[in-house]
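# Here is a sequence with its predicted model. Questions after.
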Amino acid sequence: MQTYVALLRGINVSGQKKIIMAELREHLKQLDFSDIQTYIQSGNIVFKFKKISPSKLETMITELLKREYDFQVPCIIRSKKEIENIISNNPFKEQAADNLKSLYFVLLKNPPKKEQLKSLESIDYPNEYFEFNKNHIYLYLPNGAGRAKLNNNFFEKKLEVNASTRNLRTLIKLIELASK
């Protein structure tokens, strides 16, 4: 059995796409997932399943959500090891050493095309920093994410891929859950 982390995009935000986590865990059992754990209400799931491609798991979860809740929810799967690597390779950890709350991670469902990546080259917002790395983006937002222009919607639109953003504390918690 392999341990996976699933990130759902845009659920339980302002009363939209409401999913109760206890109910979701029961639905995921129907897919033969085991050791299912959720963290907060924003669609963070840790589970075990046979070794299978992440894209197949994403499809399984997306289809389950469509069937059970009648709405589309993008799902992004990463392994525990991938999340550990994302955190440990953060290029902004020194700048954010005194303010870890300023670190965010935009996880991309698919790698963007080169022409979409080029659209990021001229982006420069004061006190907002990012670095692209394969299938995720590191964000350093020293003034917080609340009013940041570099947000999940911005990157989805520019890169034309689904994405889901999490803060450092959430990713650390997901690693802890995956380690149990």
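The structure has been received and is ready for your questions. Residues are numbered from 1 along each chain as shown.
# ok, which stretches of the protein are helices?
All helices of the chain, identified by DSSP state H, fall at 21-29, 54-69, 80-88, 114-118, 152-159, 168-178.
# Can you tell me how far the closest residue to Leu28 other than its chain neighbours is from Leu159?
Nearest residue to Leu28, sequence neighbours excluded (Cβ to Cβ, 6 or more residues apart in numbering): Ile36, at 5.2 Å. C-beta: built from backbone N, CA, C; applies to glycine. Applying Cβ to Cβ, to the nearest Å, the value for Ile36 to Leu159 is 30 Å.
# How about Ile76?
13 Å.
# ok, these two, which is more surrounded?
Shown here are Ile76 and Leu159; by other Cβ atoms under 10 Å, Ile76 has more neighbours (24 against 21).
# about what we covered before: need the residues touching each of Ile76 and Leu159.
Leu108 (Cβ atoms under 8 Å, 6 or more residues apart in numbering).
# Now do the same contact list for Met60.
Per Cβ under 8 Å, 6+ apart, neighbours of Met60: Leu31.
# Next up, phi/psi of Ile11, please.
Torsion angles at Ile11 (phi, psi; degrees, to the nearest 10) stand at phi -100, psi 150.
# show me the residues around it that make contact.
17-19, 41-43, 73.
# so how far is Ala163 from it?
Ile11 is 14 Å from Ala163, by Cβ to Cβ.
# repeat for Asp98
27 Å.
# okay, the two: which has more neighbours?
A count of neighbours by other Cβ under 10 Å puts Ala163 above the other of Asp98 and Ala163, at 26 against 7.
# Tell me the confidence at that one?
Predicted confidence (pLDDT) for Ala163: 96.
# Ok, Gly43 next?
With respect to pLDDT, Gly43 scores 89.
# For the closest residue to it other than its chain neighbours, give me its contacts.
In space, and not counting its chain neighbours, Gly43 is closest to Leu8: 2.8 Å by Cβ to Cβ, 6+ apart. Residues near Leu8 by Cβ under 8 Å, 6+ apart: 19, 42-45, 61, 65, 73-75, 164.
# So for stretch 74-93, what gets flagged as buried?
Judged by neighbour count (16 or more other Cβ atoms under 10 Å), stretch 74-93 contains these buried residues: 74-78, 80, 82-84, 86-87, 90, 92.
# Buried members of the contacts of Leu8 into ChimeraX, please.
Restricted to buried positions by 16+ other Cβ under 10 Å, the ChimeraX selection for the contacts of Leu8 reads:
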select :19,42,43,44,45,61,65,73,74,75,164
